[in-house]
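task: produce atomic coordinates for the following.
(one chain, ligands or ions: 1)
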Amino acid sequence: MINVAIDGPAGAGKSTIARKVAADLGYMYIDTGAMYRSLAYKAITGGISISDEPMRVISMLDDTALDIKYIGGTQHMLCDGSDITDYIRTPEVSAGASAIAAIPEVRAWLLQSQRSLASDNNCLMDGRDIGTVVLPFANIKIFLTASAEARAKRRYDELILKGEDVTFEDVLSDMIKRDNNDSTRACAPLKQADDAILVDTSDLSFDESVAKIKNIIADKVGDK
Ligand code: DC
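Purely as a prediction, here's the structure:
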């Protein structure tokens, strides 16, 4: 199987770019952030304070069933049988996902299913620790980044389009906070793998970014 690991900070365009590249190449796109978001959503709606009550989060895992389903090529998250895909992109769930992702037991709980998806499918898997921890032997590793301002602007535009009531300043400061949280945690922090190719999308359009990733994959494995 061909496994492409894509890591990078929030808002670098990983998911939209990886989804398009995967569709073009006929690979599976696996968004691991959605897994952390789903667990955070369950904890929040269950009244658990993620940062203050990590033991409650850990015991929640014992009666949690998380599944991924593809509907029309789009990844849907099923938590305990309910499709929660539409509820996991709010700023509250973003912050909760970053907090829950710092709990080592949560990461260990997700690791096996992430690895088995990759071993069964040609895939592009995106996250923070894919090239460093989840798939250290991935055929190709890409570290996708962009300036904090460019990333916040994209996330702000997305949220406004969805009708969320946010300011650019809040989105930027949430993003900087989340990057800091994700890259300074003790367990599997966000960092570029030694053998990852760095792609900065600050000045690239969506199509240029897609073409760049496809070229990197083509150079390594010959798929166009
Ligand atoms: O990619 P995203 O913004 O949907 O991810 C949500 C949070 O989950 C992010 O703040 C960090 C965490 N995450 C992680 O720690 N490891 C991954 N492989 C994917 C996401």
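
where does pLDDT dip in this structure?
Counting by pLDDT under 70, the chain contains low-confidence residues at 223-224.

which bits of it sit near the ligand?
10, 32-33, 36-37, 97-98, 101, 127-130, 178, 182 (CB under 6 Å from any ligand atom). C-beta: built from backbone N, CA, C; applies to glycine.

residue 28 pairs with what?
Per DSSP bridges, residues listed as beta-bridge partners of residue 28: residue 123.

quick one: it from residue 219, how far?
Distance of residue 28 to residue 219, computed by CB to CB, to the nearest Å: 21 Å.

these two: who's more crowded?
residue 28 (19 against 10; other CB atoms under 10 Å).

the more buried one against residue 119, yeah?
No: counting by CB atoms under 8 Å, residue 28 stays clear of residue 119, with 11.7 Å between them.

list the contacts of stretch 214-222.
Here stretch 214-222 makes contact (CB atoms under 8 Å, 6 or more residues apart in numbering) with 2, 4, 21, 24-25, 139-140, 142, 197, 199, 223-224.

try stretch 186-197
In contact with stretch 186-197 (CB under 8 Å, 6+ apart) are residues 5, 7-9, 102-104, 107, 128-129, 131-133, 136, 140-143, 179, 182-183, 198, 216.

can you show me the strands along this structure?
In order along the chain, the chain carries the following strands (DSSP state E): 3-7, 28-31, 66-71, 74-79, 82-83, 123-127, 140-145, 197-200.

switch the ones you listed over to JSON lines; also include distance to residue 160.
JSON lines is the format used below for the strands of the chain (distance: least, CB to CB, whole Å):
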{"stretch": "strand 3-7", "distance to residue 160": "25"}
{"stretch": "strand 28-31", "distance to residue 160": "22"}
{"stretch": "strand 66-71", "distance to residue 160": "26"}
{"stretch": "strand 74-79", "distance to residue 160": "22"}
{"stretch": "strand 82-83", "distance to residue 160": "25"}
{"stretch": "strand 123-127", "distance to residue 160": "23"}
{"stretch": "strand 140-145", "distance to residue 160": "23"}
{"stretch": "strand 197-200", "distance to residue 160": "25"}
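
so how far is stretch 213-224 off the chain centroid?
The chain centroid and the centroid of stretch 213-224 are separated by 22 Å under CA atoms, centre = their mean, to the nearest Å.

now do the buried residues in it.
Of the residues in stretch 213-224, 213-214, 216-217 count as buried by neighbour count, 16 or more other CB atoms under 10 Å.

give me the number of residues near residue 30?
Residues near residue 30, counting by other CB under 10 Å: 25.

give me the distance between the most centrally placed residue in the chain and residue 140.
Closest to where the C-alpha atoms of the chain average out (CA atoms, centre = their mean) is residue 33, at 3.1 Å. With distances taken as CB to CB, residue 33 is found 19 Å from residue 140.

ok, now residue 154?
24 Å.

and residue 12, what does it touch?
144-146, 151, 201.

hang on, residue 42 packs against residue 65?
No: judged on CB under 8 Å, residue 42 makes no contact with residue 65 at a distance of 10.4 Å.

can you give me the helices in this structure?
14-25, 33-45, 54-62, 91-100, 104-120, 148-161, 168-184, 206-221 (DSSP state H).

pick the most deeply packed of those.
helix 33-45 (a mean of 23; mean count of other CB atoms under 10 Å).
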